[in-house]
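Student: With the sequence up front, the predicted model follows.
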Amino acid sequence: MVALIVLFLSGLISLFLAFAKKPWMVLSTAIAGLVAGGISLFTEYHYGYQLVGYEGLKFDQFAVFYGLIGILFTLLIILSGYSSFKQNLNHTGDYIALLLFSLTGALCMLAFTDMFMFFLGLEILSIPIYVMAGSKKEDNRSTEAALKYFLTGSFATGILLFGIAWIYGGTGSFRLDEIQTFIESNANHQPMVYLGLLFLLAAFLFKVGAAPFHFWSPDVYDGSPSIVTGYMAAVVKLGAFGAFMKIFGMTFGGLHDFWAPAMMGLAMLTMFVGNLSALRQNRFKRLLAYSSITHVGYALLTLIVQSDESAFNLWAYLFSYGFSTIALITVALIVNDSEDRIESFRGLIRRNPFTGFVAILALLSLAGVPPLMGFFGKYLVFAEAISSQPLLVVIAIINSGIGIYYYLRVVILMLQKQDANAPQTPRHSVPALQFVVLIVCAIALMFGGNMLIF
Amino acid sequence: MILASIFESGVSIQFYMILASILFGIGVLGVMLRRNAIILLMCIELMLNAVNLLLVAFSTYFGTGDAQVFVFFIMVVAAAEATVGLSIIVLLFRNNRSVDIGLFNKLKG
């Protein structure tokens, strides 16, 4: 709870500091706020103190561990986007404040104990991102992405609320623990609960971008400014999956037989749709979007297989996925091709050896090559699922095989020489903050995996 | 007289459920079929209001107040959402001189 207040206040302060037209002040406020938020989140959990009288939010182990990586990802994203934020002096504060407000919503979505807070968290998470997606005002593609994201997002919110209303009608409560006891104690459930559950499932699949509700995500990822794409892939997905795990993994665990078959079919569909569409992409962010759809398919495995390890495995998976995405988005910002073609990565390793090296690490980690972090994330998920869902794991492994093809295509492009006739691309300059982000991502991708296992 | 007797006996909860479902269905169909961005926004509002109706009906049925509080939250959030949505539509209109979503073809693949 204190963490939420700290993050919100730091967002508010950076909004006002923008009047001073000194972007470094905004940046340092944001960093201080994020660090203080992280510390207060951890101490709140460790010493177990709570703000008096309010039970809508509970920072248990789940919320704190998911929340801490959310804060870490936001910190990395703000650092890597700083050079593009400060180009527009009038709006530096706005960008950073919106990211911080959105993070506050993500924390609500990880810590809620009733549907009020879940709904509010979801909206606090989404609304700033609708604005951020359209922040390149003169660019038609950005506006189009913002409107598509807004329409699909609020449509999903409507479906979600309809689901919540039916569940309230069936169980008579908004509190997760009361709903859970109701479901576990009444063997003969009301049809209203099932109806509500279907609507909730559809809304969640919309929000995480799983097939057949994925159609918005490539367009939105492609059109939004790169840094917002990174935030959507890393933090928004983290919040949505955290709430998904809380509601379907824990509260509705008693109805597992009802929703798991549907989710199994959709997980398979998601993997194939994402992979097969990614094969023929020429734009880098579109490729990332389809690859993120595939990764959603793998992450859904943790929800289908219910065990004590599920929450941890999902956490590990999102952790490894987020680092790879942030590294790739930072590289895309450095290469900074306005057309966003994959072709612009040709010969990157010769021009900027370190940037190219981190990009290759991130791509191989997404492909799941050992000993990088992505491999361990996949390993944990698949190893948990193999005993109860062997078919699903076989399909997931086939899909990882397909995935290697399009990740390696980019890697090979980076290793190739540039044409002698073509105009030579000059060496890209790497701002210091983005360099720091790349170093952190490289270290995490190389050595983070071993930490997940032990 | 007929109206008074209906109010005294109370309309049964099923009617509210059916009405809310119909409203929600109209909203969903509108979002899927219409091409005008402002009408889409109105249809989304209609979906939210169907939810509000359903929640209030359940709240009266159970005799608890918490769903009514939820309804206020939904109204506030819907207002915030409409603000952002309308400003995005204004931005769109400035670029395209139209709010027809059929013009959205720059992002494909």
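Tutor: Now that the structure is in, tell me what you want to look at. Residues are numbered from 1 along each chain as shown, chains lettered A, B, ... in the order given.
Student: pLDDT below threshold where in chain B?
Tutor: Applying pLDDT under 70 to chain B flags residues B:1-10, B:105-109.
Student: residue in it nearest to chain A?
Tutor: Nearest residue of chain B to chain A, counting by CB to the nearest CB: B:Met47, 3.6 Å away. Quick note: C-beta positions are derived from backbone N, CA and C, even for glycine.
Student: who does the helix or strand of chain A with the lowest mean pLDDT touch, helix- and strand-wise?
Tutor: When the helices and strands of chain A are compared on mean pLDDT, DSSP states H and E, helix A:348-351 comes out lowest with a mean of 86. The contact analysis (3 or more CB pairs under 8 Å, 6 or more residues apart in numbering or on different chains; DSSP states H and E) places helix A:348-351 against helix A:353-367, helix A:390-415.
Student: now for the first one, which elements pack on it?
Tutor: The one in question is helix A:353-367. In this structure, helix A:353-367 packs against helix A:310-335, helix A:348-351, helix A:373-385, helix A:390-415, helix A:432-453, with contacts taken as 3+ CB pairs under 8 Å, 6+ apart.
Student: For that helix, list the C-alpha coordinates in CSV.
Tutor: Output in CSV follows, covering the C-alpha atoms of helix A:353-367 (Å, rounded to 0.1, in the frame of the first residue of the first chain):
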residue,chain,number,x,y,z
PRO,A,353,29.7,-5.0,-31.5
PHE,A,354,28.3,-4.7,-28.0
THR,A,355,24.8,-3.7,-29.0
GLY,A,356,24.8,-6.5,-31.6
PHE,A,357,26.0,-9.0,-29.0
VAL,A,358,23.2,-8.1,-26.5
ALA,A,359,20.6,-8.3,-29.3
ILE,A,360,21.8,-11.8,-30.3
LEU,A,361,21.7,-12.9,-26.6
ALA,A,362,18.2,-11.6,-26.3
LEU,A,363,17.0,-13.3,-29.5
LEU,A,364,18.6,-16.6,-28.6
SER,A,365,17.1,-16.3,-25.1
LEU,A,366,13.6,-15.8,-26.7
ALA,A,367,14.3,-18.9,-28.9
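Student: now that helix against helix A:373-385, angle please.
Tutor: Put simply, helix A:353-367 runs at 10 degrees to helix A:373-385, going by axes from the mean of the first three to the mean of the last three CA atoms, to 10 degrees.
Student: And the contacts of helix A:353-367?
Tutor: If you take CB atoms under 8 Å, 6 or more residues apart in numbering or on different chains as the criterion, helix A:353-367 is touched by A:291, A:295, A:320-321, A:323-325, A:327-328, A:330-331, A:334-335, A:345, A:348-350, A:372-375, A:400, A:403-404, A:407-408, A:410-411, A:414, A:428, A:430, A:435, A:438, A:441-442, A:445-446.
Student: thinking again about what came up before, distance to A:Ile167 and mean neighbour count for the helices and strands packed on helix A:353-367 - can I get that in JSON lines?
Tutor: Converted to JSON lines, the helices and strands packed on helix A:353-367 look like this (distance: least, CB to CB, whole Å; neighbours: other CB atoms under 10 Å in any protein chain shown):
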{"stretch": "helix A:310-335", "distance to A:Ile167": "22", "mean neighbour count": "25"}
{"stretch": "helix A:348-351", "distance to A:Ile167": "50", "mean neighbour count": "19"}
{"stretch": "helix A:373-385", "distance to A:Ile167": "27", "mean neighbour count": "23"}
{"stretch": "helix A:390-415", "distance to A:Ile167": "27", "mean neighbour count": "17"}
{"stretch": "helix A:432-453", "distance to A:Ile167": "34", "mean neighbour count": "18"}
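Student: which of these has the lowest average pLDDT?
Tutor: Across these, helix A:348-351 has the smallest mean pLDDT, namely a mean of 86.
Student: Quick one: residues contacting the residue in the stretch 151-300 of chain A positioned nearest to chain B.
Tutor: The nearest approach of the stretch 151-300 of chain A to chain B comes at A:Gly158, 3.6 Å away (CB to the nearest CB). A:Gly158 makes contacts with B:Phe24, B:Gly27, B:Val28, B:Ile44, B:Met47, B:Leu48, B:Val51, as judged by CB under 8 Å, 6+ apart.
Student: That one is in what secondary structure piece?
Tutor: Here A:Gly158, judged by DSSP states H and E, is contained in helix A:140-171.
Student: Distance from the chain centre to that helix, please.
Tutor: Distance, stretch centre to chain centre, for helix A:140-171: 18 Å (CA atoms, centre = their mean, to the nearest Å).
Student: for the helix or strand where A:Val193 lies, the distance to its chain's centre please.
Tutor: Element membership for A:Val193, per DSSP H and E: helix A:191-208. Using CA atoms, centre = their mean, the distance from the centre of helix A:191-208 to the centre of the chain it belongs to is 20 Å.
Student: cool, stretch A:435-454 as well?
Tutor: So, by CA atoms, centre = their mean, the centroid of stretch A:435-454 is 18 Å from its chain's centroid.
Student: For that stretch, give me every contacting residue.
Tutor: Stretch A:435-454 is contacted from outside by A:76, A:79-80, A:316, A:319-320, A:323-324, A:326-327, A:330-331, A:354-355, A:357-358, A:361-362, A:365, A:370-377, A:379-380, A:430, using CB under 8 Å, 6+ apart.
Student: May I have it as CSV, with CA atoms only?
Tutor: Presented in CSV, the C-alpha positions along stretch A:435-454 are these (Å, rounded to 0.1, in the frame of the first residue of the first chain):
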residue,chain,number,x,y,z
PHE,A,435,24.3,1.3,-22.4
VAL,A,436,23.5,0.7,-18.7
VAL,A,437,20.2,-1.0,-19.7
LEU,A,438,22.0,-3.2,-22.2
ILE,A,439,24.6,-4.2,-19.6
VAL,A,440,22.0,-5.1,-17.1
CYS,A,441,20.0,-7.1,-19.6
ALA,A,442,23.1,-8.9,-20.8
ILE,A,443,24.1,-9.9,-17.3
ALA,A,444,20.6,-11.0,-16.5
LEU,A,445,20.2,-13.0,-19.7
MET,A,446,23.5,-14.8,-19.2
PHE,A,447,23.5,-15.5,-15.5
GLY,A,448,19.9,-15.0,-14.4
GLY,A,449,18.8,-18.5,-15.5
ASN,A,450,21.0,-20.3,-13.0
MET,A,451,19.3,-18.2,-10.2
LEU,A,452,15.9,-19.4,-11.4
ILE,A,453,16.8,-23.0,-11.1
PHE,A,454,18.4,-22.9,-7.6
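Student: Tell me where the stretch 1-150 of chain A has helices.
Tutor: Using DSSP state H, counting those that start in this stretch, the helices of the stretch 1-150 of chain A run over residues A:2-17, A:23-47, A:61-85, A:92-111, A:115-133, A:140-171.
Student: For A:Phe244, find the nearest of the ones you listed.
Tutor: Among these, helix A:92-111 comes nearest to A:Phe244, with 9.6 Å by CB to CB.
Student: coming back round to it: just send the helices and strands packed on helix A:353-367 back as CSV, with distance to B:Gly102 too.
Tutor: Output for the helices and strands packed on helix A:353-367, formatted as CSV (distance: least, CB to CB, whole Å):
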stretch, distance to B:Gly102
helix A:310-335, 30
helix A:348-351, 39
helix A:373-385, 40
helix A:390-415, 31
helix A:432-453, 39
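Student: average pLDDT for stretch A:75-83?
Tutor: Taken as a whole, stretch A:75-83 has a mean pLDDT of 93.
Student: domains for chain A, by residue range?
Tutor: Listed by automatic domain parsing, the domain ranges of chain A are A:1-133, A:209-453.
Student: Distance to A:Ile183 added to those domains, as CSV?
Tutor: Below are the domains of chain A laid out as CSV (distance: least, CB to CB, whole Å):
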stretch, distance to A:Ile183
domain A:1-133, 14
domain A:209-453, 4
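Student: re the thing from before, how far off helix A:140-171 does the helix holding A:Val193 point, in degrees?
Tutor: Orientation of helix A:191-208 against helix A:140-171 (the same axes, to 10 degrees) gives an angle of 160 degrees.
Student: Buried ones in helix A:191-208, by neighbour count?
Tutor: Using 16 or more other CB atoms under 10 Å in any protein chain shown as the test for burial, helix A:191-208 gives A:192-193, A:195-197, A:199-208.
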